[in-house]
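> give me coordinates for this.
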Amino acid sequence: MRRDADYFGDREMDLIYIAKRLKDALRLETVLTEAGLDYAVEADNYVGGTIFRTTRTGAFIYVPPEQTEAARETLHRHGYRPQTEPRA
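Now for the predicted structure:
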């Protein structure tokens, strides 16, 4: 279920996905909610493009560490490729 960042307090959260389109973010929220996972969403910037690199805004989706593996498995089952790089 989507939670405000305040719900998690000062806990470290794991980045599991960066949705580049609103449609993907909304679909993924439905997937995570139906799986019974708690998550937070934050709009942030990322760098995209191969030849012409630009800064874009996406929906960064975070889960608590104890739910990371379950969230990644859920993403795989629904055709998403989870974020594997640590956030900078």
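> A helix includes I16, no?
No: checked against DSSP: H, G, I helix; E, B strand; the rest coil, I16 lies outside a helix; its state is strand.
> T55 and A70, how far apart?
Look at T55 and A70: by Cβ to Cβ, to the nearest Å, they are 32 Å apart. For glycine as for every other residue, the C-beta is placed from the backbone atoms N, C-alpha and C.
> comparing those two, which residue is more hemmed in?
More crowded of T55 and A70, by other Cβ atoms under 10 Å: A70, with 14 against 9.
> list the residues that contact that one.
Shown in contact with A70 (Cβ atoms under 8 Å, 6 or more residues apart in numbering): 35, 37.
> next: the one 5 residues further on.
Contacts were defined as Cβ under 8 Å, 6+ apart; by that measure L75 touches 16-17, 28, 31, 81-82.
> quick one: secondary structure of it?
Applying three-state DSSP: L75 is helix.
> need the outlier residue of this protein, farthest from its centre.
Ranked by distance from the centre of the chain (Cα atoms, centre = their mean), the top residue is I51, with 25.4 Å.
> state the distance from that one to T57.
20 Å.
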